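Asker: Here is the input, now give the coordinates:
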Amino acid sequence: MSNIEISEVISRRERKAFIKFPWRIYVNDPAWVPPLIIERKAFLDRKRHPFYRHGDAALFLVRKNGEIVGRIMASDDPNYNSLHQSNVGCFGLFECINNHDVAAALFERAESWLRERGRTEIMGPIDYSTNYVCGLLIDGFQFPPTILTAHNPPYYRDLIESCGFTKAKDWYAWWFADPAKAVAQLRRLGARFNGRCPATVRSANLKNLRDESRRLRQIYNQAWEKNWGFVPFTEAEIEFMTSELKPLLVPEFAWIAEIGNEPVGFTICLPDINVVLRDLNGRLTRFGLPIGLIKLLRYKRRIQKGRLIALGVVEKYRRAGIAEMLVLRVMEETMVKRGITGELSMTLEDNFMINRFLEAIGAHRYKTYRIYNKSIA
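Answerer: Numbers count the residues shown, from 1 in each chain. This next block holds a predicted model:
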C-alpha cells in the first residue's frame, strides 16, 4: 500500500483527469459508450448542479506509482436522511483497475469523508441520489448501456464485495424486442378497464416545458414516495434535468394522464442517443466545428432505439388502468409507428406489480443493477 496515494480533486486539471479516467478502463470494451465531456463537467460543477444547494460531495483520485488507477465520489444528501430517518451517505462514479488494494483505498477515503459528517452507513453506486444514474451492472455486460444508465466491467462486483459491501437492492432493465406484440397484449389488458378509467391521456406540451416539468415533479414525488431509495426532486433539480433533456425530447415520447385538471400519471421515453455518442468519443466539436452536435441533433429523430425512463401513477389510481393506457400510447405512437425497439428501466426487484405487468406484455428482463451498502460506524 506504500506506493498507493489518494487525493481529493480540487483543481480544474484534476477534475479533467477524473472525467477522462474511464477511457483507460474501457479501452477494450466494445459495449462502453463514452460520456460527453461537456455534460460530465456540468454534472460535477458545484456552482451549477442543484444537488449542491442542499447536499455535498467530494471527488477522489487514487494513484499507484504516480499513475491514476482509480476514482470515486462520496456524497451526502440530508434530504434523503431526513425523509428516511437514516444516517447514510453514498459512493458513486466508481472506476478502478482490477486491484483490491486500490479499490480498498478508494472506499476507505470515501467512508472517512462520510464519517467526518457523522454518517454511519454508505451505499452505492449512486451518483448523488437515485434520481440520477445509479446501480452496479451485474449481468448483461454484452449489451451497450442506454441513455442515463450505468455500465461497468464484471470485476467491479468482486472488488466491491471484497471491501465488505453487501447487497441492498436489485433493479431490473427490460427489453421490448417486439413492440407490436406488447401493443396487442396492452389492448387486451386495457379492454378490462374500457369505460371505467377516469383519466385522459395527452402528449406533453414541450412549448411550455417549464409548467409541464412541474406537473411531472408533482406526480413523481407522489408516485415514488414509498419506493425504496426514493428522494424527492427539488424544484431546482427538476429544472436542471429538464434543461439537460430538452434537446432530446420528442413530443410523442412523453405522455401525461389527467383527471380533470389533476395530473395523475406520466411516462417519458427518450431516443437512445448513446447510439450516436459511441462515435463521438466524448466530444461535440472537432477541429473547432460543432460536428458532433450537428450529428446528434440530425439523428435524434432517426434513432431506432429508445429508453422508457419513467412510468408513474399516483397510488390512488394504480388499479384504474392508467399505467396500461400510458404504456400503450408510448408503444403505439413512439415504438410501432417509428419502428423503434427499446428498454424500460429501472424497476425494483420487489415491485411485483410492475414486473408482472411487463412480463405479461412480452418484455424480457435482460439486465440487473445492484445497490450495495455497508456499515461504517
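Asker: ok, how many other residues are close to the closest residue to Thr120 other than its chain neighbours?
Answerer: The spatial neighbour of Thr120 that comes closest, neighbours along the chain excluded (CB to CB, 6 or more residues apart in numbering), is Ala377 at 4.1 Å. Just so you know, the C-beta spots here come from the backbone N, C-alpha and C atoms, and that holds for glycine as well. Ala377 has 7 neighbouring residues, counting by other CB atoms under 10 Å.
Asker: Contacts only, for the nearest residue to Lys305 once chain neighbours are set aside.
Answerer: The shortest distance from Lys305 to any non-neighbouring residue, by CB to CB, 6+ apart, is to Asp272 (4.3 Å). By CB atoms under 8 Å, 6 or more residues apart in numbering, Asp272 lies in contact with 146-147, 303, 305-307, 342-343.
Asker: for Leu344, what are its contacts?
Answerer: 173-174, 176, 307-308, 311, 358, 363.
Asker: Adjacent strands (with direction) for the helix or strand harbouring it?
Answerer: Assigned by DSSP states H and E, Leu344 belongs to strand 341-348. In the sheet containing strand 341-348, the strands it pairs with under DSSP bridges are strand 166-176 (antiparallel), strand 305-313 (parallel).
Asker: And the pLDDT at the residue nearest the centre of the chain?
Answerer: The C-alpha lying nearest the average C-alpha coordinate of the chain belongs to Val133 (CA atoms, centre = their mean; 3.2 Å). The score at Val133 is 95. That number is its pLDDT.
Asker: Val33 too?
Answerer: Reported pLDDT at Val33 in the predicted model: 94.
Asker: wait, isn't it in contact with Val276?
Answerer: No. Using CB atoms under 8 Å, Val33 makes no contact with Val276, being 9.5 Å away.
Asker: what about these two, which has more around it?
Answerer: Legend: neighbour count by other CB under 10 Å for Val33 and Val276, higher for Val33 (23 against 19).
Asker: What strand or helix carries that one?
Answerer: Using DSSP H and E, Val33 maps to neither a helix nor a strand.
Asker: who's in contact with it?
Answerer: Residues 144-145, 151, 274, 277-278 are the ones in contact with Val33 under the rule CB under 8 Å, 6+ apart.
Asker: Show me how to select, in ChimeraX, the buried members of the residues you listed.
Answerer: If you want just the buried ones from the contacts of Val33 in ChimeraX, going by 16 or more other CB atoms under 10 Å, the selection is:
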select :144,145,151,274,277
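Asker: can you give me the strands for the stretch 151-300 of the chain?
Answerer: Listed in chain order, the strands of the stretch 151-300 of the chain (DSSP state E, counting those that start in this stretch) span 166-176, 200-203, 254-259, 262-271.
Asker: and the ones you listed as JSON lines, adding mean neighbour count, mean pLDDT and distance to Arg15?
Answerer: Converted to JSON lines, the strands of the stretch 151-300 of the chain look like this (neighbours: other CB atoms under 10 Å; pLDDT from 0 to 100; distance: least, CB to CB, whole Å):
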{"stretch": "strand 166-176", "mean neighbour count": "19", "mean pLDDT": "97", "distance to Arg15": "29"}
{"stretch": "strand 200-203", "mean neighbour count": "13", "mean pLDDT": "88", "distance to Arg15": "39"}
{"stretch": "strand 254-259", "mean neighbour count": "22", "mean pLDDT": "90", "distance to Arg15": "33"}
{"stretch": "strand 262-271", "mean neighbour count": "23", "mean pLDDT": "90", "distance to Arg15": "27"}
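Asker: so can I have JSON lines of the ones you listed showing distance to Leu209?
Answerer: Written out in JSON lines, the entries for the strands of the stretch 151-300 of the chain read as follows (distance: least, CB to CB, whole Å):
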{"stretch": "strand 166-176", "distance to Leu209": "26"}
{"stretch": "strand 200-203", "distance to Leu209": "12"}
{"stretch": "strand 254-259", "distance to Leu209": "10"}
{"stretch": "strand 262-271", "distance to Leu209": "12"}
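Asker: Of all the ones you listed, which one comes closest to Ile68?
Answerer: Each of those has some distance to Ile68 by CB to CB; the shortest is strand 166-176, at 28.6 Å.
Asker: export that closest one as CSV, just CAs?
Answerer: The C-alpha atoms that make up strand 166-176 are tabulated as CSV, following Å, rounded to 0.1, in the frame of the first residue of the first chain:
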residue,chain,number,x,y,z
THR,A,166,-23.4,-6.5,0.7
LYS,A,167,-26.5,-6.3,-1.5
ALA,A,168,-29.1,-3.8,-0.5
LYS,A,169,-31.4,-3.9,-3.6
ASP,A,170,-31.5,-5.0,-7.2
TRP,A,171,-33.1,-3.1,-10.1
TYR,A,172,-34.1,-4.6,-13.5
ALA,A,173,-34.0,-3.4,-17.1
TRP,A,174,-36.5,-4.8,-19.5
TRP,A,175,-36.2,-5.1,-23.3
PHE,A,176,-39.1,-4.8,-25.8
